[in-house]
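Visitor: Pasting the sequence and the predicted model now:
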Amino acid sequence: MLLKLIKFAAVCVAFIAGVSHAAAHGERAQEPYLRTRTVQFYDVHFSKTDVKVNERFELTGKFRLMQDWPDAVTPPDIVFVSSISPGPTIARIETYLNGEPARQSFARLELGRDYEFRMVLEGRTPGSSHIHPSISIKGSGPLVGPGQWVNISGEAHSFAFPIKTMTGLQIEDLQTFGLVHAVGWHLAWLAVAAAWLSFWLARPLILPRWLVLQKGREDLLISLRDTGAGIIVSAIVLVMVFGGYVRASAEYPYNVPLQSGLNRVAPLPASPAYAEIKIISATYDVPGRSMRLATQITNKGSEPLSIGELTTANIRFLNQSLPVAMANVDPSYPTDLIARTGLKLSSDTPINPGETREVRVEATDAVWELERLVSFLTDVDSKFGGLLLLYAPNGERVIAEMGGPIVPVFTELE
Amino acid sequence: MADIDAAASPRENTRFKDKKGETVISVSGLTPSAARYSRLFDVLVVAAVVTIFAGAIHLHVMLTVGDWDMYVDWKDRQYWPLVMPVSMIMFPAALQAIFWVNFRLPIGATVGATVLLIATWIGRYANWWIWTGFPFTEGVPSQALAGALLMDMTLIVLRNSLFTSIIGGFAFGFVFWPSNYSALAPFYLPVEHQGMVASLADMIGYTFPRSNMPEYLRIIERGTLRTFGSSVSWVSAAFAGFICIFMHQLWWRLGLFASQATFLKNSDVVKSFMGIKSSVAS
Ligand SMILES: [Cu+2]
């Protein structure tokens, strides 16, 4: 019996440990087509990963909206730039999309174009918080960027959010302002209700009243005095309602309604240098956890280009022999999203301007499984998507979209 | 049992000092000790009504119009004054019918709105503050007490369900906006944020993020009223009152229907399952 209990406890502990290790936001539960074929985040940077309560940090980065947008996902006609955190463990100070204020939603972002976001955030709840940038699309929901653990230290109660209104009022803390006023009104209403209820509850109640009513003696239960009391309470309520409204209107003459409406923003200028990528064939070796692409790359620019990185669903496969690609990895980027084996290429020499070359690209890593990006057996359209980052000798970067049908290989190849 | 009766009898009727209460008891035909037990029964009924209906009404309102009540930045001029009273009137109207028709007590609506407000604040404290850490200002609720009180007053003065629907029901919908605006007015103070105007309510919702509630998800006024531009809320309030007239009558009837006690006759077979001998046959 005891042994059984110990076993059970061990299983529970193992289960909870497993769960807490993965304590995130279910980003891996999103279907692969959502993560590989819609929004591709890149250049994501956390200015700090250790902050104190009330200390600010910035989350910046860019994203590309994929041209081969899946049918099942509503196009980005109404978009909100947001951060994902476990509840309000961080406070949002300012957010921007291409420099435009992003407190409200944006109308009609363009597919195939890039956007740059900047979020100023502030530590609020002490502890370790998994923070992501995210793009929410009306009809499709949030599409999340790479998540990073941010450690917030200090005391929870020391957090305060001061703000100044346009009427000149300096508010000490947005978390508590106006609360006493609202609760005071609620208590006032509860007091009137309590008075009215006790006026009736003090009398003989359920059984006697029911019996008296059955005997046709309604006159004993309600009297003219009760009607009078009703009229008096009505008057009190009406004075409170309209007197309160008139007073509030006089006290807050410059109030505004909730602000809504869509902002508009132009995409970043399209990259002048241009690499065109055609997928000849794409396979995913299920037991080998390897994506193998046969690509045809055309350099339409004026500089030779080297393949530096393949990124999809925030996972980065790097050409480890290209220093400029390695230098492009931000130290704040979550390490669990960088594939250890990197990117294998059939030819590593730069592609010259005007040249079209067939290159076999291999991205092998258990991260495909860990990030649950291989659900070929359940997908209705087996397609993949991603960005290929190419570099010119002068360091200039070309970001090219690629994607197409992918064929899973379920059995071991010889 | 006899002991309890003996202990109870010396204090018989002491609770109802006024003559009216004594008359009610004597006309009801309850013996002095039965009257004492009936008072205990009253206490049990009050306890049951408070707990059951606090849960039921809160659940009902959260499921139907929850978001408008949960978040300060959903409390707009157009939808909030319309959808909240229409949902909040339902259980109070049903309770009003039950209390009035069976017991001639004009308190049902007030009971409903009171237990709803108490349950809502418990929910805000436990779920918003303790569990998820949102500031109270983000989840400050609305109340329906002003309207509920007016509804009960209409009933005691007019003593008629139809007139209570027309006058009390309308009042319930109509006063929701002014009575709640008084309490929440400070949250509509304007601030400038990133070169744009925002109300404090907008700022509270923005500053303390709900990860999976993007701004566009709010069902709030988007400038769809093309006239009465600046008095949207009064148009909404009047419309809410109009809808509440019908809601009140509908739920009054539903309350009466749901509070009927009916009995089904058991067949002999069912009786035998329960170990009761059939009375007629066998
Ligand atoms: Cu996460």
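Guide: Yep, that arrived.

Visitor: Every contact and neighbour count from this point should use C-alpha atoms.
Guide: Noted.

Visitor: Over in the stretch 51-200 of chain B, which residue gets nearest the ion? Let me know.
Guide: Residue nearest to the ion within the stretch 51-200 of chain B: B:Thr132 (16.2 Å; CA to the ion).

Visitor: What count of nearby residues applies to that residue?
Guide: 14 (other CA atoms under 10 Å in any protein chain shown).

Visitor: and the gap between it and chain A?
Guide: 6 Å (CA to the nearest CA, to the nearest Å).

Visitor: give me phi/psi at the closest residue to that residue other than its chain neighbours?
Guide: Among residues not flanking B:Thr132 along the chain, A:Gly87 sits closest, at 6.1 Å (CA to CA, 6 or more residues apart in numbering or on different chains). Dihedral angles of A:Gly87 (phi, psi; degrees, to the nearest 10) stand at phi 80, psi -170.

Visitor: And the pLDDT for A:Gly87?
Guide: The model reports A:Gly87 with a pLDDT of 89.

Visitor: Point me to the residue of the stretch 301-414 of chain A nearest the ion.
Guide: For the stretch 301-414 of chain A, CA to the ion, closest residue to the ion: A:Pro334, 10.9 Å.

Visitor: ok, the residue nearest to B:Thr132 - how many residues close by?
Guide: Using other CA under 10 Å: A:Gly87 sits among 19 other residues.

Visitor: wait, what's in contact with it?
Guide: A:Gly87 sits next to B:132-134, B:209-211 when contact means CA atoms under 8 Å, 6 or more residues apart in numbering or on different chains.

Visitor: can you give me the helices in the stretch 51-200 of chain B?
Guide: For the stretch 51-200 of chain B, the helices defined by DSSP state H, counting those that start in this stretch occupy B:80-88, B:90-103, B:108-123, B:145-158, B:161-163, B:170-174, B:176-184, B:200-207.

Visitor: hang on, the earlier thing: verify the stated contact: the residue of the stretch 301-414 of chain A closest to the ion with A:Val150.
Guide: No: A:Pro334 is beyond contact range of A:Val150, at 10.8 Å (criterion: CA atoms under 8 Å).

Visitor: higher neighbour count, these two?
Guide: Neighbour count, other CA under 10 Å: between A:Pro334 and A:Val150, A:Val150 has more, with 21 against 18.

Visitor: Show me the beta-bridge partners of that one.
Guide: Beta-bridge partners for A:Val150, by DSSP bridges, are A:Ser129.

Visitor: filter the contacts of A:Gly87 to the buried ones?
Guide: B:133-134, B:209-211 (16 or more other CA atoms under 10 Å in any protein chain shown).

Visitor: residues in contact with A:Val192?
Guide: Per CA under 8 Å, 6+ apart, neighbours of A:Val192: none.

Visitor: For the helix or strand encompassing it, list every residue counted as buried.
Guide: In the assignment (DSSP states H and E), A:Val192 maps to helix A:179-201. Of the residues in helix A:179-201, A:179, A:182-183, A:185-186, A:189-190, A:192-193, A:196-197, A:201 count as buried by neighbour count, 16+ other CA under 10 Å.

Visitor: Could you point out which residue ranges in chain A have low pLDDT?
Guide: Scanning chain A for pLDDT under 70 picks out the ranges A:1-25, A:272-273, A:376-377, A:412-414.

Visitor: mind listing the strands for chain B?
Guide: Using DSSP state E, the strands found in chain B span residues B:190-193, B:196-199.

Visitor: So for the last one, mean pLDDT?
Guide: So that's strand B:196-199. 94.

Visitor: near chain A, anything from that strand?
Guide: Yes: contact of strand B:196-199 with chain A (CA under 8 Å from any CA of the partner chain) involves B:197-199.

Visitor: Dump these into CSV; add distance to the ion and neighbour count as well.
Guide: Output for those, formatted as CSV (distance: CA to the ion, whole Å; neighbours: other CA atoms under 10 Å in any protein chain shown):
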residue, distance to the ion, neighbour count
B:Val197, 32, 16
B:Ala198, 29, 24
B:Ser199, 30, 23
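
Visitor: Now flag whichever of these is closest to B:Phe53.
Guide: The closest of the residues of strand B:196-199 next to chain A to B:Phe53 turns out to be B:Ser199 (CA to CA; 34.8 Å).

Visitor: Walk me through the domains of chain A.
Guide: Structural domains annotated on chain A: A:25-163, A:179-251, A:275-409, as defined by automatic domain parsing.

Visitor: out of those domains, nearest to B:Gly55?
Guide: Taking CA to CA, domain A:179-251 is the member of the domains of chain A nearest to B:Gly55, at 18.0 Å.

Visitor: Span of the closest one from start to end?
Guide: Criterion CA to CA, to the nearest Å; first-to-last residue distance in domain A:179-251 is 16 Å.

Visitor: How about stretch A:385-404?
Guide: 7 Å.

Visitor: What residues of it count as buried?
Guide: For stretch A:385-404, a neighbour-count test (16+ other CA under 10 Å) marks A:385-392, A:397-404 as buried.

Visitor: The residue nearest to B:Asp69 when sequence neighbours are not counted - how many residues pack around it?
Guide: Spatial nearest neighbour of B:Asp69, chain neighbours left out: B:Pro141 (5.3 Å); criterion: CA to CA, 6+ apart. Counted with other CA under 10 Å, residues neighbouring B:Pro141 total 23.

Visitor: thinking again about what came up before, can the strands of chain B go into JSON lines with extra columns for distance to A:Ser321?
Guide: As requested, those are exported to JSON lines (distance: least, CA to CA, whole Å):
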{"stretch": "strand B:190-193", "distance to A:Ser321": "46"}
{"stretch": "strand B:196-199", "distance to A:Ser321": "48"}
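
Visitor: For A:Phe106, find the nearest of those.
Guide: Nearest to A:Phe106, of all those, is strand B:196-199, at 14.3 Å by CA to CA.

Visitor: hey, what's A:Tyr284 bridged with?
Guide: A:Met291, A:Pro408.

Visitor: And A:Val79, by the same measure?
Guide: A:Phe106, A:Ile137.

Visitor: Contact partners for it?
Guide: A:105-109, A:135-138, B:216.

Visitor: which one is the residue of chain A most remote from its centre nearest to, not counting chain neighbours?
Guide: Relative to the mean C-alpha coordinate of chain A, counting by CA atoms, centre = their mean, the farthest residue is A:Lys215 (65.6 Å). Nearest non-adjacent residue to A:Lys215, counting by CA to CA, 6+ apart: B:Ser28, 7.8 Å away.

Visitor: Low-confidence bits of the stretch 151-282 of chain B, can you list those?
Guide: B:224-229, B:278-282.

Visitor: hang on, the earlier thing: ok, of the buried ones among the contacts of A:Gly87, which one's closest to A:Pro75?
Guide: The nearest one, if we look at the buried ones among the contacts of A:Gly87 relative to A:Pro75 and count by CA to CA, is B:Ser211, at 20.6 Å.

Visitor: Against A:Ile131, how distant is the closest one?
Guide: From B:Ser211 to A:Ile131 the distance is 10 Å (CA to CA).

Visitor: Next, show the common contact partners of those two.
Guide: Common neighbours of B:Ser211 and A:Ile131, using CA under 8 Å, 6+ apart, are A:83-86.
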